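[1] Sharing a model prediction with you, sequence too.
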Amino acid sequence: MILTGPQIEHAVTVGDIAIEPFDPARISPNAYDWSLGESIRMCDSDLDAARPSNFVEHTIPPEGMELIPGNLYLGVTHERTHSERYAQFLNGDRTVGALGVWVHVSAPLGHIGHAIRWTLEICTVRRVRVYPRMTFGKIVFLKTSGAFASYQDMGLKYTSSTGIDTSRLYEEMQ
């Protein structure tokens with residue numbers, strides 16, 4: 001079950017959800033509008049799942065950064081989210097999608113206990129300029145059923161994510 005906007009705000013108030021920084025004006029009927037962080041990593045070369053990937057990190061200047069089709073961009077949310085009670089589901093925003101920007105298509109689920117600034121997979125179909133802290137998507141919070149297992153306690157490879165993470169699939173292939 002998806003929490004409504006008022007339920008999200010209440011859960012933040014009582015400490016069941018952390019959104020840092022939190023702005024009540026970003027609450028929508030069933031979600032919280034998250035924003036793009038201030039840096040992007042870009043890969044314009046071929047990738048190999050069995051090897052670490054090479055990305056160049058750029059700070060997005062106040063006047064924006066042009067994203068070019070054909071490149072893979074990894075961004076990060078400005079907000080850090082966490083909940084030991086609710087699972088999280090992150091999506092791009094319809095208004096960003098209407099600009100031809102596909103955001104975070106492959107891994108939208110944040111498990112209970114996931115405490116991160118989300119790494120975002122970003123692809124564009126046309127040249128488009130993006131800006132730091134622009135609204136870029138929505139995050140919903142989900143009630144779960146059954147015994148809780150905190151992601152933070154499981155010691156998995158992305159547990160300590162604090163910024164942009166590249167794929168570490170190669171660790172499983174060694």
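    Received it, and whenever you're ready, just let me know what you need.
[2] Need the residue closest to the centroid of this structure.
    By C-alpha atoms, centre = their mean, the chain has its centre lying nearest to residue 118, at 3.1 Å.
[3] And the contacts of stretch 95-105?
    Residues outside stretch 95-105 that contact it (C-beta atoms under 8 Å, 6 or more residues apart in numbering): 67, 75, 90-93, 118, 120-126, 128, 130, 135-137. In short, each C-beta sits where N, CA and C put it, glycine included.
[4] need the helix or strand of the protein with the lowest average pLDDT.
    Within the chain, no helix or strand scores below strand 109-110, which has a mean of 78 by mean pLDDT, DSSP states H and E.
[5] Can I get the helix or strand following it as PDB, trimmed to CA atoms?
    Going down the chain from strand 109-110, the next helix or strand is strand 116-124, by DSSP states H and E. Provided in PDB are the C-alpha atoms of strand 116-124 (Å, rounded to 0.1, in the frame of the first residue of the first chain):
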ATOM      1  CA  ILE A 116      21.000   6.600   0.700                       C
ATOM      2  CA  ARG A 117      21.200   9.400  -1.700                       C
ATOM      3  CA  TRP A 118      20.000   7.500  -4.700                       C
ATOM      4  CA  THR A 119      22.300   6.900  -7.700                       C
ATOM      5  CA  LEU A 120      20.300   7.700 -10.800                       C
ATOM      6  CA  GLU A 121      20.700   6.200 -14.300                       C
ATOM      7  CA  ILE A 122      20.000   9.000 -16.800                       C
ATOM      8  CA  CYS A 123      19.600   8.700 -20.500                       C
ATOM      9  CA  THR A 124      18.300  11.300 -23.000                       C
END
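[6] How far off centre is strand 116-124?
    Put simply, strand 116-124 sits 5 Å off its chain's centre (C-alpha atoms, centre = their mean, to the nearest Å).
[7] Would you pull up how far the very next helix or strand once past that strand lies from the middle of the chain?
    Next along the chain after strand 116-124, taking DSSP H and E as the criterion, comes strand 128-130. The chain centre lies 18 Å from the centre of strand 128-130; the measure is C-alpha atoms, centre = their mean.
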